[in-house]
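[1] Quick one: sequence and predicted model below, then my questions.
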Amino acid sequence: MIRVLVVDDSAVVRRIITEELSKYEDIEVVGSAIDPYMAREKIAKLRPDVITLDIEMPRMDGLSFLEKLMTHHPIPVVVVSSLAPENSANAMRALTLGAIEIVSKPGSQFSAPDVKNELVRAVRTAAKARVFARRKDVLREAFNIQHHLETTHKIIAIGASTGGTQAIEKVLMEFPVNSPGTIIVQHMPAGFTDSFAKRLNQVCKIQVREAKNGDLLAPGVALVAPGNHHLLLKRSGASYSVVIKDGPAVHFQRPSVDVMFQSVAQNAGKNAVGVILTGMGADGAKGLQMMHETGAKTIAQDEESCVVYGMPKEAVKLGAADDVLPLNQIPQAIFTSLRK
């Protein structure tokens, strides 16, 4: 049974979330709180497995509370937020602070049609996630990546889901400015991928932006698949570009890591490196296998460093990964393979 505490200053939202989650036999809403101060007391008393958290609340905002919670008493948190554009940066900050998932707030004009299903899925995912206490003085590890790389016709493709925003950031922060063109699929609602890309662009040496249809892929540039759209790699002569398209969800996901990896296998072959990171489900496993079979270098994140060891596990089971590595060794492995 997954024990859930609902934290939101809106009585209507608390009621909707409670009623929806209570429909499922494996979920029990053990309490609710109108602000972080009440939530702190309920956490100590009720010991929930998962917290749903609003960002905008009185007395203490959700981000400040989340930072304190993940520093002193880490618990899986699902952020329930309006998908309004002005809130997307705050939602991205929540993921950076350690939130597991973001879902749109029920009843909001920005809510997705299937928001209730997304909420249930997010709570179940969070219950299986591994959370770590944060330290404000965390030091970046030095990977000593060689900055002089042969990047002609090389492509890096990275796929992730739950926990992936932090994992992708840690990997990309180690990329030198002349890194091969990189494409990224992170399972994320449509309202947040642009903010995610902008966040990465601020902290990385390379340029990172949300992909647009027809964008050319160049050294020193990473393109993030826009939410609710698939991203495919296209080759024309010696150049690569991306195709952004609709289409059915794959493994319940759009964008899908499998769709991206399969297009990389078909269009880049052995000139690519595929990396599958933390995430729930099996999306990306078969696509990474296709990359492996076409001669690409393939890497999966190991269980111990994953927030959720789902997608990498499925890839490993298929024999799709050349290497299974902790997150802090993946950047070096990528660039070692590129120099061969």
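    All right, it came through fine.
[2] Extract the residue ranges of the stretch 1-150 of the chain that are flagged as low pLDDT.
    Within the stretch 1-150 of the chain, the segments meeting pLDDT under 70 span 83-87, 106-115, 134-150.
[3] Got the confidence number for the residue nearest to residue 309 when sequence neighbours are not counted?
    Take residue 309 and drop its neighbours on the chain: the residue closest to it by Cβ to Cβ, 6 or more residues apart in numbering is residue 303, 4.2 Å away. (Glycine included, C-beta is placed from N, CA and C.) pLDDT for residue 303: 96.
[4] can you count the residues close to residue 303?
    Residues lying near residue 303 (other Cβ atoms under 10 Å) number 15.
[5] That one should be in a helix, yeah?
    No. Residue 303 is assigned coil when assessed by DSSP: H, G, I helix; E, B strand; the rest coil, not a helix.
[6] Please renumber the chain so that the first residue is 254 from this point on.
    In the new count, where the first residue is 254, that last one comes out as residue 556.
[7] who touches it in this structure?
    With contact taken as Cβ atoms under 8 Å, 6 or more residues apart in numbering, residue 556 is in contact with 562, 565, 566.
[8] The same query, at a cut-off of 10 Å, please.
    By Cβ atoms under 10 Å, 6 or more residues apart in numbering, the residues touching residue 556 are 383, 531, 562, 565, 566, 569, 577, 579.
[9] Could you give the backbone dihedrals for it?
    Note on residue 556: its backbone torsions stand at phi -60, psi -40 [degrees, to the nearest 10].
[10] Quick check: the gap between it and residue 314.
    Taking Cβ to Cβ, to the nearest Å as the measure, residue 556 and residue 314 are separated by 34 Å.
[11] buried residues in stretch 421-441?
    Applying a neighbour-count criterion of 16 or more other Cβ atoms under 10 Å, one finds 421-425, 427-429, 432-441 buried in stretch 421-441.
[12] wait, stretch 506-523
    506-518, 520-522.
[13] can you give me the mean pLDDT across that stretch?
    Mean predicted confidence for stretch 506-523 is 96.
[14] got it, and stretch 442-460?
    91.
[15] Quick check: buried residues in that stretch?
    Residues 442-454, 457, 459 are the ones in stretch 442-460 that count as buried (16+ other Cβ under 10 Å).
[16] now, which of the residues you listed lie within helices?
    Residues of the buried residues of stretch 442-460 located in helices (DSSP state H): 446, 447, 448, 449, 450, 451, 452, 453, 454.
[17] where's the third one relative to residue 347, distance?
    Plainly put, residue 448 is 11 Å away from residue 347 if you go by Cβ to Cβ.
[18] How about residue 551?
    Noted for residue 551: a distance of 31 Å to residue 347, by Cβ to Cβ.
[19] On the pLDDT front, check residue 405 for me.
    With respect to pLDDT, residue 405 scores 49.
[20] Buried subset of the contacts of residue 556, written for PyMOL?
    Buried members of the contacts of residue 556 can be picked out in PyMOL with the line below, counting by 16+ other Cβ under 10 Å:
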select buried, resi 383+531+562+565+566+569
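[21] between the contacts of residue 556, which is closest to residue 542?
    residue 569 (10.5 Å; Cβ to Cβ).
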